[in-house]
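Asker: quick one, fold the following:
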Amino acid sequence: MTRVWTQENRDEDNNINNDRYNSELSETDFNTTEVAEGHSDDKAEGYDEKLHYLNGNEKHFEHINNGGHKNDENEPAEKSENGDSFFGLHWDKDLEKELAEQSKMMLKMIYFFQVLPFYILQFTSGMALGYPSILVPQLIAANNSAIVMDNDTKGWIVSLDYGITAIVALMSGQLQMMFGPKKTSLLACIPICLSWLMMALAQDISAIYGSRILVGLGNGILTSSVYIVEVVSANRRGSVVMIETAFRSLGLIVVYLLGALIKWQTLAWLVTPLPIFAFIYGYFIPESPIFLSQMAGYTQIDGERGPNKERSLSKTTWGDWKSSTKNTLELYKRRDVRIPLMLLVVVILAQQCSGMKIIQGYAVEIFADAFTKDADGLVHGQEVDNDAYWSAVVMGFVRFVATLLAAMYINNFGRKTMYFVSTVLTIIFQIAFGIIDVLDVGYACKAVPIFFICGQVFCLQLGLQTFPNLLSSELFPNDARSRCKGFIRAVSAMFSFIMLKLFPYLETHIGLYGSFWLLASILFTILPFIYLFVPEAKDVDLNNIGGFFKPVVTTFYVEFPLRETKVPTVNESFHRIQMIQNSFGSAGKLLNTGERVLLAEGILLKRGSGKTKRRHFFLFDDLLVWGSVIRENINYIRQRTIPLESLHIEDIKDSNAWKLSCPEKSFVLEALNADEKCQWMLLIHFAMSRIPTVKQAKNFRFQGSVESGESDIVRDNPKKRDIVINATDMISKKSNKAIDAFYQHMENGKSSTEKTKF
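Answerer: Coordinates of the predicted model:
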């Protein structure tokens, strides 16, 4: 199947902006007869006109690069030492840079204060999740006859809220679709506040259970990351979501710290006012723009309004609820929803195997066991070493620091790079902690188990624990995000419930060391699956995220017959090029420079050195790029590039193939049919004919960026280097080379005579 991007795919604004250009440029069609006759070296006539157009309109480009101030020929612009002067107005470039920095800081502050109520709710959520870790040891030490603590009771206190969250989260997606992510998340303030109030007044185990049920209800409704990713820009949403996780980690630190100093009921009284403040603050912030646009009848922010689809946000009937439920069931049948759902279930399972939920819920007990010889859990009436509480505080602080580091570096690396570094180091620390527990090292030196638990928490928080929350907010299309996020949270909560309920029994039967080794084994088994199938969503626009899960279709982004005016703009290609760059991972070259245009892509057979291989090819306006396919649109390796200016194309008659040559190599490409072959050859010729024009246009853009002081951003987009970035880059490149070598060995092991199918 072949798809051609027509003029109707373009925004109306681009057509308007091109009117002047089109009026001065020839509408000459690309000469197709020359290729049919085999004259592959001849260029199409008429395309030097664009170069002539550019040369004849340098003043027009200077006008653009000078900020829109066009000078009269007889009145040259005056220049000052610190800046430019236009019509007598002086503009200081140093002042411009300072204002730009201030604008960036102001934007960060706007983001922060807009999502602050949800950060507060995540803080209280973190306290609620860590609360059983200090509650259970205090109840055990109290030796209260009304609250007898055994394995069954401990398991219910720690896991009950997750069981309720699993049920409620399934409905939270429906609530968000009907009322919006802001209102739904603020609704969580009510049960969260009541849970702390009930815990403060609790006198028996039933009241404690009731409080934990309310915690689960509030956490099930609270899906604030959906709101956050929909109100921030693509390049900032990763760090903003990480800050949300940092507030949750800060809540853990506070609850561990207060648990070492005050009684559990006093602590509950102190937390009760926080959700009330979050509710009042959140009432005055705006709703998600994506939700508002969907309620106004749009399927996407920039989509077309459907007829009679606008509905009131304040009137929701039982019929709306039933219709929404039916639509949700139909939603799960879509490929761009079904596939990320299945992937994220596996990612959530890996998250549970990190051990963070167990450490979070049983932190004090785990440290107490590690400090005791031959211990298999606390028993009713046993005094808890006070160092176990302070060790939990240290662990919480380490988690908080790791979350801040993840937020700091998430824009420097891909999600998957940090995820795999985090996972491998977590497995190492899990195995190491099991060894020191078997040897009872903690009985002689308490610092050793503290180090290994904190090391594990630090590593898993860099990606393994935090990224599933981010991925579940990124990988779904706009119209499915809220409902699918609720489903994923339900799955996560159910896994957590099972893990926390079973942990006391696992500790009793296979020991603390056996429990951690079991988790490490499962995590090691899951890791290759995540590498192969989970896409890299960094910097990808949410409106295009579903492209990762579509099958590869040969697509020509220039409408035939070929004309210069039908070439896509840089902005039109930007998001797709970003996805292609992400699919090659950190081992690939930088493709999305902000200057490149994508002309075509598709699967072709590549023949060379006596072998036939299936490759995904991408034709840009200056490069031909291809790579080995691991998973279509998700994972490519062994990226290869050839500049078009060094390319020579030759037709192979009576076949679907043609030959490409460059100074270093030559190979044959074969399309699915004759029509695709013709279109590929025509478009490659067309792209080669545009090379002088493309170079000149880039030079104009570069000159303008130099004058504005932004040339480094436009061309190279360099990152600030430090030891963390350098070390991670080195590990990532070496691991990618090893994977490339492994797949190349597999390909070379196949028979060269094996027929490759599309």
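Asker: what about Ser445, how many residues nearby?
Answerer: For the record, residue 445 is Cys, not Ser. 12 (other CB atoms under 10 Å). C-beta coordinates here come from the backbone N, C-alpha and C atoms, glycine included.
Asker: what separation is there between it and Phe367?
Answerer: Separation of Cys445 from Phe367 (CB to CB, to the nearest Å): 13 Å.
Asker: please apply the same query to Ser211.
Answerer: 25 Å.
Asker: check which helix or strand covers Pro663.
Answerer: Using DSSP states H and E, Pro663 sits within no helix or strand.
Asker: for Val597, give me its contacts.
Answerer: 567-570, 572-573, 620-621 (CB atoms under 8 Å, 6 or more residues apart in numbering).
Asker: quick one, longest helix in this structure?
Answerer: helix 481-533 (DSSP state H).
Asker: wait, is Met149 part of a strand?
Answerer: No - counting by DSSP: H, G, I helix; E, B strand; the rest coil, Met149 is not part of a strand but coil.
Asker: that one is in contact with Ala141, isn't it?
Answerer: No - using CB atoms under 8 Å, Met149 is not in contact with Ala141; the gap is 9.5 Å.
Asker: neighbour count winner among the two?
Answerer: Set Met149 next to Ala141 and count neighbours by other CB under 10 Å: Met149 wins out with 24 against 15.
Asker: phi, psi for that one please.
Answerer: Main-chain torsions, Met149, degrees, to the nearest 10: phi -100, psi 110.
Asker: do you know the pLDDT at it?
Answerer: If you check Met149, the pLDDT there is 78.
Asker: so how far is Asn143 from it?
Answerer: Met149 is 9 Å from Asn143, by CB to CB.
Asker: pLDDT below threshold where in the stretch 551-700 of the chain?
Answerer: 698-700 (pLDDT under 70).
Asker: for Val625, helix, strand, or coil?
Answerer: Under three-state DSSP, Val625 comes out as strand.
Asker: typo on my end, Val540
Answerer: coil.
Asker: now it: how far from Ile634?
Answerer: 12 Å.
Asker: shared neighbours of these two, which are they?
Answerer: Listed contacts common to Val540 and Ile634 are Phe548; contacts here mean CB under 8 Å, 6+ apart.
Asker: if we can go back for a sec, list just the nearest of the contacts of Val597 to Leu292.
Answerer: Glu572 (25.8 Å; CB to CB).
Asker: if you count contacts, what does the helix or strand hosting that closest one end up packed against?
Answerer: If you go by DSSP H and E, Glu572 is part of helix 570-584. Helices and strands touching helix 570-584, as assessed by 3 or more CB pairs under 8 Å, 6 or more residues apart in numbering; DSSP states H and E, comprise strand 598-608, strand 623-631, strand 635-643.
Asker: and the second one, which strands flank it?
Answerer: Going back to what we said before, that points to strand 623-631. strand 611-620 (antiparallel), strand 635-643 (antiparallel) (DSSP bridges).
Asker: any idea of the mean pLDDT for stretch 480-493?
Answerer: Here the average pLDDT along stretch 480-493 is 83.
Asker: tell me how far it is from the chain's mean position?
Answerer: When C-alpha coordinates are averaged (CA atoms, centre = their mean, to the nearest Å), stretch 480-493 and its chain have centres 16 Å apart.
Asker: next, the contact list for the residue nearest to Met499 when sequence neighbours are not counted, please.
Answerer: Leaving aside its chain neighbours, Met499 sits nearest to Gln352 (5.3 Å; criterion: CB to CB, 6 or more residues apart in numbering). Each residue near Gln352 by CB under 8 Å, 6+ apart is listed here: 492, 495-496, 499.
Asker: just give me the closest of those residues to Lys695.
Answerer: Ser492 (50.9 Å).
Asker: now for the nearest residue to that closest one once chain neighbours are set aside: which residues touch it?
Answerer: In space, and not counting its chain neighbours, Ser492 is closest to Ile348: 4.7 Å by CB to CB, 6+ apart. Going by CB under 8 Å, 6+ apart, Ile348 touches 468, 488, 491-492, 495.
Asker: how does it look with 10 Å?
Answerer: 468-469, 471-472, 488-489, 491-496 (CB atoms under 10 Å, 6 or more residues apart in numbering).
Asker: with Ala520 instead?
Answerer: 353-355, 426-434, 456.
Asker: farthest-separated two in the residues you listed?
Answerer: The farthest-apart pair in the contacts of Ala520, when distances are taken by CB to CB, is Cys353 and Ala432, at 16.2 Å.
Asker: what residue ranges in the stretch 201-350 of the chain score low on pLDDT?
Answerer: For the stretch 201-350 of the chain, the ranges with pLDDT under 70 are 224-225, 229, 232-239, 294-328.
Asker: which stretches in it count as helices?
Answerer: Listed in chain order, the helices of the stretch 201-350 of the chain (DSSP state H, counting those that start in this stretch) span 205-221, 224-231, 237-259, 264-271, 273-282, 289-295, 318-331, 335-353.
Asker: measure how the longest one sits relative to helix 273-282, angle-wise.
Answerer: Between the axes of helix 237-259 and helix 273-282, defined by axes from the mean of the first three to the mean of the last three CA atoms, to 10 degrees, the angle is 150 degrees.
Asker: buried sites along helix 237-259?
Answerer: Under the neighbour-count criterion of 16 or more other CB atoms under 10 Å, helix 237-259 has 237-259 buried.
Asker: got it, and the fourth one?
Answerer: Buried residues in helix 264-271, counted by 16+ other CB under 10 Å: 264, 267-268, 271.
Asker: repeat for the fifth one
Answerer: The neighbour-count check on helix 273-282 (16+ other CB under 10 Å) flags 274-275, 278-279, 282 as buried.
Asker: which of these sits closest to Ser689?
Answerer: Gly282 (57.2 Å).
Asker: for that closest one, which non-adjacent residue is spatially closest?
Answerer: Using CB to CB, 6+ apart, the closest residue to Gly282 is Pro117 (3.5 Å).
Asker: what sits against that neighbour?
Answerer: 182, 185-186, 189, 224, 227, 275, 277-285.
Asker: what of Ile435?
Answerer: 441, 452, 513, 516-517 are the contacts of Ile435 under CB under 10 Å, 6+ apart.
Asker: cool, Lys677 as well?
Answerer: So Lys677 contacts 604, 651-652, 655-658, 669-671 (CB under 10 Å, 6+ apart).
Asker: repeat that for 8 Å
Answerer: Contacts of Lys677 (CB under 8 Å, 6+ apart): 656-658, 670-671.
Asker: state the helix or strand in which it lies.
Answerer: helix 674-689.
Asker: quick one: buried residues of that helix?
Answerer: 676-689.
Asker: pick out the most distant pair among those residues.
Answerer: The two members of those with the most space between them (CB to CB) are Glu676 and Ser689, at 20.4 Å.
Asker: now for the residue lying closest to Ile213 once chain neighbours are set aside: which residues touch it?
Answerer: Leaving aside its sequence neighbours, Ile213 sits nearest to Ile164 (CB to CB, 6+ apart; 5.2 Å). With contacts defined as CB under 8 Å, 6+ apart, Ile164 is in contact with 212-213, 215-217, 220.
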